[in-house]
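1. any chance you can model this:
(one chain, ligands or ions: 1)
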Amino acid sequence: MVDVLVIGGGNAALCAALTAREAGATVLLLEAAPRAWRGGNSQHTRNLRCMHDAPQDVLVEAYPEDEFWQDLLKVTGGRTDETLARMVIRDSATCRPWMRRHGVHFQPPLSGALHVARTNAFFMGGGKALVNAYYRSAQALGVEVRYDTPVDRIETEAGRFVAAHSGAHRFEARACVVASGGFESNRDWLRQAWGQVDGAWVADNFLIRGTRFNQGVLLRQLIDAGADAIGEPTQAHMVAIDARAPLYDGGICTRIDCVSLGLVVNVHAQRFYDEGEDFWPKRYAIWGRLVAQQPQQTAYSIIDAKAVGRFMPPVFPGARAATLPELARQLGLDEGAFVQTVATYNAACRGGRFDHTVLDDCATAGLSPPKTHWARPLDTPPFQGYALRPGVTFTYLGLKVDARAAVHFGGRASANLYAAGEIMAGNVLGQGYTAGVGMSIGTTFGRIAGRVAAQAAQAGSSAPAEPMTSCETAHADA
Ligand SMILES: Cc1cc2nc3c(=O)[nH]c(=O)nc-3n(C[C@H](O)[C@H](O)[C@H](O)COP(=O)(O)OP(=O)(O)OC[C@H]3O[C@@H](n4cnc5c(N)ncnc54)[C@H](O)[C@@H]3O)c2cc1C
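-> Below you'll find the model as predicted:
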């Protein structure tokens, strides 16, 4: 029997597999995807957020623990577990040498990359290169990998892992790390979570930014089997993306990053949120949710020529027009309403000194909702507009874990079942997001889960499960 079974094939799973193997455990990794599509959402990433007290190779200046913590506290509105969050933050300061040892290279950020030169370390070659490096290292260390192996059920006994089932195959192991992502790719589950408005399923207008393989099968099954859940099903990292993006795997090139430089209107040509609330890396992940709450789950990001060159342009050009009425026509918006919205906004802009690198004093006055920073009149043609739809990155409903990454059943820690990555990210992210923290969470908890699972397998292979009276019947509300 293998010591540690790892379920999933993205960053968290690979960190767990590598760490367990380094600790001397035999490791089998089961990835649902075929080899060509291995790596889950992690293959789409670019960076991870790192605390540092002084400049460190690709990271400039300092990003101390408390600043990272305050950033997280702000975006989550306090819906975070401080102990687990601080573990992630501290580990982010020291994980990179380990990542390098497994073949990950870092590079300075490209200009225009979300103002994150200070806070985020970028992977050379992106997440695909990171995932490939980890698979290479895993292979060299003797981790066994099976592709095309979606696990459909985890067998537990009184909260203790016994085996994983994939079709007719049954995989026993002494310990297990489940790192199979959230449920963002499961459109039926998204439908249930978001419900209907005016007889139409809200989630039918969502696009999935990453892998199609994160169906939440094991999340659902474990919750039904009594594992404690954390988070709400509609809370997620959701970005406003190009409405023309494909249903799955559009990746980062479909993001529309000019929101804070212009206006966003809904299908009725009305504004609905402060586009300049905060720096874009701290706000980009709420805009998918904001668009999801608008009619037809559609909105339009509008800029003028002054914004061009100040953001990473999307791959596909948007609508472009010499006048505002012409732009409205191209976007299918009511011309009169659109022109009026822009005129009202323009009249409310109160000048100031525009500086997109700070929270500047260019704000509107007497406008609802206000635009609190970077508010400049849209008056310089050509005008451009991009239709937006919600792009789900990953969901936050997950498995409750403790500092050892142990899955809980009825409030009690499992002796040999651990969770890492998106499937437990809701412990740290109750809502909101700050760029790069997804990979920080997966790297920290993947490595913890791998180490602890190896210990559990080696030391406790014969340890009896603790009696868990309440867990067997407890069903958390998903
Ligand atoms: C476009 C995009 C860009 C992103 N950019 C960043 C970024 O720059 N920085 C950052 O921090 N975060 C970023 N994220 C978020 C980041 O991808 C996640 O936080 C992180 O990758 C999660 O890692 P994970 O291993 O938990 O999940 P994943 O990498 O999604 O891995 C889950 C794995 O589980 C497998 N799986 C699913 N179900 C089963 C099953 N039943 N049986 C077996 N295997 C299964 C999947 O095939 C997949 O391999 C981005 C996400 C997307 C979509």
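2. what's the burial count for His52?
-> 22 (other C-beta atoms under 10 Å). Bear in mind the C-beta positions are built from the backbone N, C-alpha and C, glycine included.
3. can you classify the nearest residue to His169 once chain neighbours are set aside by secondary structure?
-> Distances taken as C-beta to C-beta, 6 or more residues apart in numbering place Thr149 nearest to His169, at 7.5 Å, with adjacent residues excluded. Classification of Thr149 by DSSP: H, G, I helix; E, B strand; the rest coil places it in coil.
4. number of residues surrounding Thr149?
-> 20.
5. correct me, but it touches Ala32?
-> Yes. With contacts counted by C-beta atoms under 8 Å, Thr149 reaches Ala32, the gap being 6.6 Å.
6. ok, the residue nearest to His169 to the ligand distance?
-> Applying C-beta to the nearest ligand atom, to the nearest Å, the value for Thr149 to the ligand is 6 Å.
7. what does the stretch 151-300 of the chain put close to the ligand?
-> Residues of the stretch 151-300 of the chain lying close to the ligand (C-beta under 6 Å from any ligand atom) are 151, 179-181, 209-211, 213-215, 217-218, 251-252.
8. contacting residues around Asn120?
-> Asn120 is in contact with Asn47, Leu48, Arg49, Cys50, Leu59, Pro109, Leu114, Ala435, Gly436, counting by C-beta atoms under 8 Å, 6 or more residues apart in numbering.
9. ramachandran angles for the residue nearest to the fourth one when sequence neighbours are not counted?
-> Spelled out, it's Cys50. Nearest residue to Cys50 in three dimensions, chain neighbours excluded: Ser92, at 4.5 Å (C-beta to C-beta, 6+ apart). When read as degrees, to the nearest 10, the backbone of Ser92 gives phi -70, psi -20.
10. same question for Asp71.
-> phi -60, psi -40.
11. I figured it hits Thr434, correct?
-> Yes. Assessed by C-beta under 8 Å, Asp71 is found in contact with Thr434 at 5.0 Å.
12. ok, those two, which is more surrounded?
-> Taking neighbours as other C-beta under 10 Å, Asp71 and Thr434 compare with Thr434 leading, 24 against 21.
13. look at that one and tell me its secondary structure.
-> Applying three-state DSSP: Thr434 is coil.
14. so who does it touch?
-> Contacts of Thr434 (C-beta under 8 Å, 6+ apart): Arg49, Asp71, Leu72, Val75, Pro281, Lys282, Ala285.
15. and the fifth one, that's in a helix?
-> Yes. Inclusion of Pro281 in a helix is indicated when three-state DSSP is applied.
16. so that it lines up with my notes, have the first residue be 408 from now on.
-> That works, and once the first residue is 408, the last one we named lands at Pro688.
17. pull up the overlap in contacts between Asp478 and Thr841.
-> Common neighbours of Asp478 and Thr841 (C-beta under 8 Å, 6+ apart) are Lys689.
18. what parts of the stretch 758-885 of the chain come near the ligand?
-> Residues of the stretch 758-885 of the chain lying near the ligand (C-beta under 6 Å from any ligand atom): Thr800, Phe801, Gly828, Glu829, Gly843, Val844, Gly845, Met846, Gly849.
19. pLDDT score for Pro874?
-> Pro874 is assigned 35 on the pLDDT scale.
20. which helix or strand in the chain has the lowest average pLDDT?
-> helix 687-690 (a mean of 78; mean pLDDT, DSSP states H and E).
21. next structured bit after that one?
-> Note on helix 687-690: by DSSP states H and E, the next helix or strand toward the C-terminus is helix 694-699.
22. can you list contacts of whatever helix or strand comes next after that following helix?
-> Under the assignment DSSP H and E, the closest C-terminal helix or strand after helix 694-699 is strand 706-710. Strand 706-710 is contacted from outside by 647, 663, 665-666, 668-674, 679, 697-698, 725, 734, 738, 740, 749, 785, 790-795, using C-beta under 8 Å, 6+ apart.
23. could you flag which of those residues are buried?
-> 647, 663, 665-666, 668-674, 679, 697-698, 725, 734, 738, 740, 749, 785, 790-795 (16 or more other C-beta atoms under 10 Å).
24. in strands, which of those residues appear?
-> Ala647, Leu670, Val671, Val672, Asn673, Phe790, Gln791, Gly792, Tyr793, Ala794, Leu795 (DSSP state E).
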